[in-house]
Each structure stands twice: as C-alpha cells, then as structure tokens.
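1. Predicted coordinates and the sequence they were generated for:
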Amino acid sequence: MSLKPFQTLDAVAVPIAQPNLDTDQILPARYLQKPRSNNFGEYLFRDLRFRKDSSEDPEFVLNKPAYRNGQIIVAERNFGCGSSREHAVWALYDYGFRAVIAPSFGDIFSSNALKNGLLPIVLPEAIVSEMLAAVQAAPGSRIKVDLAEQTIVAPAGAVHSFDIDPFAKHCLLNGLDELDYTLSLLEHVAEFEQRLDRAQS
C-alpha cells in the first residue's frame, strides 16, 4: 500500500486521556490474522468504540460528532505500549489519523508509526496536558503540523517544536516506506556498479 506524503496538516484533534494505552486496545489481537489489504480502520479501538451487541458506544470519543473526522490524536504518556504489533499503526492510519501527540510512546510503536506514514510527536507532558484540556473543552479544535519546519500550532495558537529522525522525516515528507526508499536509489546503485566495473577492467 502506497503512503501519502506528509508535509503539512491542519486537522481536528481527538483527545485520548488514558495513559499507557496499549496496542491491544488500539487493535484487538483477534484481527491480527487479517490481510493488509483490509481496511484496518474498521477494527480501530474495536472493543472501546462498540458495545457487545456491535452498536456504537456514544461515550467513546471517536463516536462523538465533533471528533469523527479527526486526523490528530492528543494522548497521554506511553501511548502504544505493549506488544509490537504493526497492525495497531495500520488501524490508526487506515482510519485517517496522520499524527499522534504524546509525552511518550512505546518504543516499537513509535518505530512502526514512522515506517507506516504516521507521525509520532513527543512534547513535554505539561504542554500535552494543556492541549488535551483545550481539545476536551472545545470539541472540534484544530491543531496544525508542519513537518518540514518541525512545528505544531496548538489550538490556542502557541507554537511548539518537535524532534524527528532525519531519515524518517525524509520518508514521511515523500510518502516513502523503506522499500520505496531503497527502490528510489536503484539508479545510484547502478551508476556505482558501472563505475566499479570500469575501475576493475
């Protein structure tokens, strides 16, 4: 599946005020055998979004009208902890999320996110708490992300900078996964091989 380039994003922010939200809550284990061609967004937070009778739980944040089209999550610390399933990132991406802002992430989740078109943004806990309060108080609040500049604009207008690995940034800006990046270098590899052949002949 090709990734969408991530350059700038101005989107509704969804508050998820639960620390240590693990990958099994993001995507229950029973969906792990599904093929990647499926829309994993259908399974996102399945046991939190829906009741046992498969009806929506109106209390869950994604079922509230103001947040249904959100593309940015503002989360508590240690988002995406637990097992190393890449499928949790697929579910977030397929649902439509492009960025998650939190004080910290599960290490493997963060790595998987960067490889699959989802931008994990780490900011100080006090700043994230302030954002969470803002988007909870005013549902539909928007946050702006500029990946090239590595900045976000909070709902109240404050600008915050964030760090990202340069290689991951390049891939996200250009919509490349690791295979796409490798394929983009084939011309350079061929030129190197030709130079090497000439030097050895």
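-> Thanks, I have the structure now.
2. Quick check: phi and psi at K169.
-> With angles defined as degrees, to the nearest 10, K169 sits at phi -60, psi -50.
3. ranges for the helices of the protein?
-> With DSSP state H, the ranges of helices along the chain come out as 23-26, 46-49, 87-95, 107-115, 125-137, 166-174, 178-184, 186-200.
4. Please name the bridge partners of A13.
-> Listed by DSSP bridges, the beta-bridge partners for A13 are I72.
5. is it true that it touches S141?
-> Yes: contact status for A13 versus S141: in contact at 5.8 Å, counting by C-beta atoms under 8 Å. Quick note: C-beta positions are derived from backbone N, CA and C, even for glycine.
6. out of those two, which sits in the busier spot?
-> A side-by-side neighbour count of A13 and S141, using other C-beta atoms under 10 Å, places A13 first with 27 against 22.
7. In terms of pLDDT, where does the residue nearest in space to the middle of the chain sit?
-> Centroid check for the chain by C-alpha atoms, centre = their mean gives L118 as the closest residue, at 2.9 Å. At L118, the pLDDT value in this model is 97.
8. Please give me every residue in contact with it.
-> Contact partners of L118, counting by C-beta atoms under 8 Å, 6 or more residues apart in numbering, are 89, 92-93, 97-100.
9. out of these, who's nearest F50?
-> L92 (16.9 Å; C-beta to C-beta).
10. The closest one is in contact with L44, isn't it?
-> Yes: contact criterion C-beta under 8 Å: L92 and L44 qualify, at 6.4 Å.
11. contacting residues around stretch 106-115?
-> In contact with stretch 106-115 (C-beta under 8 Å, 6+ apart) are residues 22-23, 78-82, 84, 86, 88-89, 92, 100, 105, 119-120, 164-165, 168, 171-172, 177-178.
12. Derive a ChimeraX selection command for the buried subset of the residues you listed.
-> Listed next is the ChimeraX selection for buried residues among the contacts of stretch 106-115, using 16 or more other C-beta atoms under 10 Å:
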select :22,23,78,79,80,81,82,86,88,89,92,100,105,119,120,164,168,171,172,177
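13. related to what we said a few turns ago, could you pull out the residues contacting both of L92 and L44?
-> Contact criterion C-beta under 8 Å, 6+ apart; residues shared by L92 and L44: I26.
14. For the residue nearest to the centre of the chain, give its distance to E76.
-> 17 Å (C-beta to C-beta, to the nearest Å).
15. And I164, by the same measure?
-> Taken as C-beta to C-beta, the span from I164 to E76 is 21 Å.
16. what does K4 give?
-> In terms of C-beta to C-beta, K4 sits 27 Å off from E76.
17. neighbour-wise, which of those two wins?
-> A direct count of neighbours by other C-beta under 10 Å for K4 and E76 places E76 higher, at 19 against 10.
18. pretty sure that one is touching P19, no?
-> Yes: under the criterion of C-beta under 8 Å, E76 makes contact with P19 at 4.0 Å.
19. quick one on the thing from earlier: pick the most buried one from the helices of the chain.
-> helix 87-95 (a mean of 24; mean count of other C-beta atoms under 10 Å).
20. Report the inter-axis angle for that helix versus helix 107-115.
-> In terms of direction (axes from the mean of the first three to the mean of the last three C-alpha atoms, to 10 degrees), helix 87-95 departs from helix 107-115 by 40 degrees.
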